[in-house]
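> I'll drop the sequence and a predicted model, then ask my questions.
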Amino acid sequence: MSRSEARHFADDAAPLLDGFHEQYSVHLDKFDGPMDLLLHLIKKNELDIYDISIAVITRQYLDYIKLMKELNLEVAGDFLVMAATLLHIKSRQLLPLDDQEEAEDEEADPRAELVRRLLEYQQYKEAGMVIGARALLGREVFTRAVTEPFLLAAQNEEGPLEVSLFELVDAFRVLLIRIPVESFHDVAPGDSLSIADCINEILSLLQEKETVQFDDLVRDELTRERIIVTFLALLELCRLKLIRIFQGDRHGSIWFVPAVTQTLSEE
Amino acid sequence: MSSTLSSIIESIIFTSDSAISTDRICDLLDEFERDEVRAALSELAEFHEARGGGFELVAVAGGWQFRTRATYQGYVTRHIKARASKFSQSALETLAIVAYRQPITRAEIEHLRGVDCGGILKSLLEKRVVRILGKKDIPGRPLIYGTSKEFLEIFGLKDLKSLPTLKEIQALDEVPQYERQEELPLGQARAVPVESDLPFE
């Protein structure tokens, strides 16, 4: 069914959707999720959030989902979960509470949990708007632009940036992209490289030189296997706190220094 | 601005690429007492505050930086492209949750928002405003997320404590209610049980 047909169908599908359709089709992508939709429905019906009429809200909520389906929009599972929650609340409201249950359960109102979540969600929604309304760097406010290479180089002398795992993984990915995928059917390659060997290799390299670059480590043998083993060895060395990892500048090459130099010199 | 120390500090801040911390300035100027440096810094801040001008000295991400005043955005962007990444409403919402509730897992964020947040979290990570803090010591060892230094820089915050508190944000919303209550003659304001059962301050 094409979109226009869907629209047409939606128009005369149910009298319930009269007016509803026009109002909502404009806003369809506005809702960030079931909580957002619920808040919207509460506000639209001018309901007190502490005293929601579950029947009204549920009907409108389900109508909305129906509309989404009629417009051939994919209804995210999250919306269905909320629909189930609403129906569950309504059914609990309909059932009489027995005394024992009432005594046990202080939150006798089955809506309490939903209201709590809605209020909390509303807070963060507003907090998001508040922080989004701040003067953002690069949007409202600007700093001096330092792009001259010599200035950047001068900055580097001050001290390296310590990198996060993310950047290490990024460097690794960049390296892997550079290497073409080898396609061969050799199941058992002659000599496989162990991580332990690689660790020893790196450590002995670090004894000769103060700093080693990631690229240096894999330059001689640019294969996927080599790079992966090197990467794992580095992670292991990091975990053992034997090396420290730095990045010269953003998107620069990553290099390592032994973490133990200082303790050795202190001794 | 009277003292030379203020001028020295001003020159250092002017030349640094990113926000420079008070500690770093103190380290660089070891011939001066730390208290002197601090005093000169606040003098400098006051000077720039009083000066007006096209740029100001702001405390962001635990350091000091010269930034243009937001008022002149329209003019600055005539010759510099705005390069800020755009944040959608849902991204801001997610970012707010991470900022206020960190350290937080993805499941906790999704519970609060009632919707899948994987894609949004990924883009926030790529924009470097959110970072992975580690893994939570519960079954499944899920990743825990927090905000980064870039978050403070981009949003012009001195530190996380300078985020508006959720109570302040809520208060913005409640003003009309207070007005309505004052107008009621008998003061039969309905009780709004906000404080008691909510986990935030």
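Okay, I see it.

> the strands in the stretch 151-267 of chain A, which residues?
A:161-162, A:212-213, A:243-247, A:254-258 (DSSP state E, counting those that start in this stretch).

> Out of the ones you listed, which is closest to chain B?
For these, the distance to chain B is smallest for strand A:161-162, at 10.2 Å, taking CB to the nearest CB. C-beta coordinates here come from the backbone N, C-alpha and C atoms, glycine included.

> pLDDT averaged over the closest one, what's the number?
Across strand A:161-162, pLDDT averages out at 55.

> ok, now stretch B:74-94?
Stretch B:74-94 comes out at a mean pLDDT of 80.

> again, but for stretch A:177-191
62.

> With stretch A:70-90 instead?
Stretch A:70-90 comes out at a mean pLDDT of 79.

> Just the buried positions in it, please.
A:Glu70, A:Leu71, A:Asp78, A:Phe79, A:Met82, A:Ala83, A:Thr85, A:Leu86, A:Ile89, A:Lys90 (16 or more other CB atoms under 10 Å in any protein chain shown).

> coming back round to it: could you identify which of the strands of the stretch 151-267 of chain A is most buried?
strand A:254-258 (a mean of 21; mean count of other CB atoms under 10 Å in any protein chain shown).

> Relative to that one, what are the paired strands and their orientations?
strand A:212-213 (antiparallel), strand A:243-247 (antiparallel) (DSSP bridges).

> which phi and psi does the residue most central in space within chain B have?
Nearest to the geometric centre of chain B sits B:Leu157, at 2.9 Å (CA atoms, centre = their mean). Backbone torsions of B:Leu157, given as degrees, to the nearest 10, read phi -110, psi 140.

> how about it, what does it touch?
Residues near B:Leu157 by CB atoms under 8 Å, 6 or more residues apart in numbering or on different chains: B:Val60, B:Ala61, B:Phe151, B:Leu163.

> Could you measure from it over to B:Thr147?
9 Å (CB to CB, to the nearest Å).

> residue boundaries of the strands in chain B?
B:55-60, B:63-68, B:104-105, B:130-135, B:143-147 (DSSP state E).

> okay if I get these as CSV plus mean pLDDT and mean neighbour count?
Below are the strands of chain B laid out as CSV (pLDDT from 0 to 100; neighbours: other CB atoms under 10 Å in any protein chain shown):
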stretch, mean pLDDT, mean neighbour count
strand B:55-60, 88, 20
strand B:63-68, 89, 21
strand B:104-105, 92, 19
strand B:130-135, 88, 17
strand B:143-147, 91, 20
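
> How about whichever residue of chain B sits closest to chain A, nearest residue that isn't a chain neighbour?
Going by CB to the nearest CB, chain A is nearest to B:Val115 of chain B, at 3.0 Å. Nearest non-adjacent residue to B:Val115, counting by CB to CB, 6 or more residues apart in numbering or on different chains: A:Gly33, 3.0 Å away.

> restrict the buried residues of stretch A:70-90 to those near chain B?
Filtering the buried residues of stretch A:70-90 for proximity to chain B by CB under 8 Å from any CB of the partner chain leaves A:Asp78, A:Met82.

> low pLDDT regions in the stretch 1-150 of chain A?
Within the stretch 1-150 of chain A, the ranges that satisfy pLDDT under 70 run A:1-31, A:72-75, A:97-108, A:145-150.

> what's the answer for the stretch 151-267 of chain A, then?
Applying pLDDT under 70 to the stretch 151-267 of chain A picks out residues A:151-168, A:180-192, A:220-222, A:247-254, A:259-267.

> for it, what spans make up the helices?
Applying DSSP state H, counting those that start in this stretch to the stretch 151-267 of chain A gives helices spanning A:165-178, A:195-208, A:214-219, A:224-239, A:261-266.

> In a markdown table: those, plus mean neighbour count.
A markdown table is the format used below for the helices of the stretch 151-267 of chain A (neighbours: other CB atoms under 10 Å in any protein chain shown):
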| stretch | mean neighbour count |
| --- | --- |
| helix A:165-178 | 15 |
| helix A:195-208 | 14 |
| helix A:214-219 | 17 |
| helix A:224-239 | 17 |
| helix A:261-266 | 9 |
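
> So which of these is nearest A:Asp51?
Nearest to A:Asp51 among the helices of the stretch 151-267 of chain A is helix A:165-178 (46.7 Å), distances taken as CB to CB.

> tell me the angle of that closest one relative to strand B:130-135?
For helix A:165-178 against strand B:130-135, the angle by axes from the mean of the first three to the mean of the last three CA atoms, to 10 degrees is 110 degrees.
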